[in-house]
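# Sequence plus predicted model, see below.
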Amino acid sequence: MTAIQINNLSYQYPTSDFKLSINQLNMTENLVAIAGQNGAGKSTLFKLLTGLVQLQAGEIQINQHDLAGLTPEDRLKTIGIVFQDPSSQLFNATVQQEVAWSLSQTGTDAAVVAEKVDQVLTTVGLIDSKDKNPFDLSMPEKKLLSIATVLAVDPQIYLFDEPMISLDWPSQQLVTRIMQQLAHEDHQVITITHDMDWLAATFSKVYVLTEGKVSFEGTPEAFFGESGLAQETGLLTPRIMTIAQEVLGDSRVYLTPEDYWEKKHTS
Ligand SMILES: Nc1ncnc2c1ncn2[C@@H]1O[C@H](COP(=O)(O)OP(=O)(O)OP(=O)(O)O)[C@@H](O)[C@H]1O
Ligand SMILES: [Mg+2]
């Protein structure tokens with residue numbers, strides 16, 4: 001189990017009024033979603049977790065070790081991130097080199113690099129594109145390649161910033177399966193998403209950020225079940241729930257069509 005403990009965290013960009021302020025947060029679940037309106041501070045939290053920006057106050061601990069005390073190499077092995085825009089992560093001449101470069105940053109033994117590269121490119125379905133230039137890949141393929149670069153390093157914690165954007169349905173299913181497999185292998189997978197259908201169907205724990213503060217933590221069932229909370233925090237309810245409410249006047253929580261079917265037939 002991985003535990004991320006945040007205490008008295010505060011961060012403000014030098015050039016904006018926005019402030020991220022988290023008094024106490026303890027993330028221990030393997031599959032975690034982070035939701036919230038545009039500008040709520042979700043990506044800023046990821047930047048702090050990966051060290052792209054430095055904490056101004058407070059601390060972040062991973063399994064009771066201060067994140068700030070890790071060497072750059074240990075940090076890469078602890079937390080990996082897949083950015084929202086994969087192009088910002090890719091710069092090598094070939095798909096294969098892109099993944100190998102990631103591995104070289106963590107001092108991986110040269111003898112195992114080729115094997116590892118093939119393994120992760122197979123996982124994301126890009127093994128036949130290994131000699132292509134990353135910039136000749138389609139947007140979903142670029143995203144899958146950026147996921148492969150993190151899978152190769154195999155950090156303890158995976159951060160995904162809006163991974164579903166620009167992915168077609170098969171790629172969305174593939175990425176969901178990869179995340180579930182990682183969680184099953186006891187990695188921690190933390191995902192920022194605006195897709196409430198996916199969140200409700202896939203995650204057992206959700207943290208909601210509102211204007212730089214954590215406004216909710218709990219299960220999707222509890223979040224969508226608290227009357228008016230989704231609306232207050234600028235989020236939609238799952239489509240099945242909206243339809244049940246608007247068409248049938250049924251205001252119960254339904255996370256997925258299957259959930260609707262089950263609840264309708266057991267009560
Ligand atoms: N480099 C920066 N310099 C100054 N202000 C920034 C910077 N990056 C983000 N901000 C501001 O900080 C606030 C939080 O941004 P952040 O990117 O964390 O939001 P978010 O929750 O990820 O939003 P979105 O859903 O749109 O991705 C916003 O008001 C944003 O304009
Ligand atoms: Mg963001």
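Ah, there it is. Note that this is a predicted model, so its numbers are computed, not measured. Ligands and ions are numbered 1, 2, ... in the order given.
# For stretch 39-48, buried residues please.
40, 41, 42, 43, 44, 45, 46, 47, 48 (16 or more other C-beta atoms under 10 Å). Backbone N, C-alpha and C define where each C-beta goes, glycine included.
# Distance from that stretch to the middle of the chain?
What separates the centre of stretch 39-48 from the centre of its chain is 12 Å, taken as C-alpha atoms, centre = their mean, to the nearest Å.
# same question, stretch 247-262
Offset of stretch 247-262 from its chain centre (C-alpha atoms, centre = their mean): 26 Å.
# Pull up the distance across that stretch, start to finish.
From the first residue to the last, stretch 247-262 extends over 19 Å; the measure is C-alpha to C-alpha, to the nearest Å.
# Just the buried positions in that stretch, please.
Using 16+ other C-beta under 10 Å as the test for burial, stretch 247-262 gives 253, 254, 255, 256, 259, 260.
# The last one: helix or strand, and which one exactly?
Take DSSP states H and E as the rule and residue 260 turns out to sit in helix 257-266.
# How about the third one?
Secondary structure from DSSP H and E places residue 255 outside every helix and strand.
# What residues does it make contact with?
Residue 255 sits next to 200, 201, 220, 221, 224, 238, 240, 241 when contact means C-beta atoms under 8 Å, 6 or more residues apart in numbering.
# at 10 Å what do you get?
Applying C-beta atoms under 10 Å, 6 or more residues apart in numbering, we find residue 255 in contact with 196-197, 199-203, 219-221, 224-225, 237-238, 240-241, 263.
# Tell me which of the buried residues of stretch 39-48 fall in helices.
Secondary structure from DSSP state H places 42, 43, 44, 45, 46, 47, 48 of the buried residues of stretch 39-48 in helices.
# Identify the farthest-apart pair in the residues you listed.
42 and 48 (11.1 Å; C-beta to C-beta).
# hey, what's in contact with both of the two?
Counting by C-beta under 10 Å, 6+ apart, the residues touching both residue 42 and residue 48 are residue 20.
# So for the protein, the centremost residue is which one?
residue 191 (2.0 Å; C-alpha atoms, centre = their mean).
# For that residue, which non-adjacent residue is spatially closest?
In space, and not counting its chain neighbours, residue 191 is closest to residue 160: 4.4 Å by C-beta to C-beta, 6 or more residues apart in numbering.
# Roughly how far does the one you found sit from ligand 1?
To ligand 1, residue 160 is 13 Å away according to C-beta to the nearest ligand atom, to the nearest Å.
# cool, residue 156 as well?
23 Å.
# Kindly provide the distance from the closest residue to that residue other than its chain neighbours to residue 27.
Among residues not flanking residue 156 along the chain, residue 78 sits closest, at 5.3 Å (C-beta to C-beta, 6+ apart). Per C-beta to C-beta, to the nearest Å, residue 78 is found 14 Å from residue 27.
# wait, doesn't the residue nearest to residue 156 sit right on residue 62?
Yes. Between residue 78 and residue 62 there is a contact under C-beta atoms under 10 Å: 5.8 Å.
# Identify the contacts common to the two.
Contacts common to residue 78 and residue 62, judged by C-beta under 10 Å, 6+ apart, are 2, 49, 70, 156, 157.
# So how do I select the buried members of the residues you listed in ChimeraX?
Burial among the shared contacts of residue 78 and residue 62 is assessed by 16+ other C-beta under 10 Å; the matching ChimeraX selection reads:
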select :2,49,70,157
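# with the shared contacts of residue 78 and residue 62 in mind, which one is nearest to ligand 1?
Closest to ligand 1 out of these is residue 49 (11.9 Å), distances taken as C-beta to the nearest ligand atom.
# hang on, isn't residue 38 packed against residue 211?
No. Residue 38 is beyond contact range of residue 211, at 11.2 Å (criterion: C-beta under 10 Å).
# Give the intersection of the neighbour lists for those two.
Residues touching both residue 38 and residue 211 comprise residue 234, with contact defined as C-beta under 10 Å, 6+ apart.
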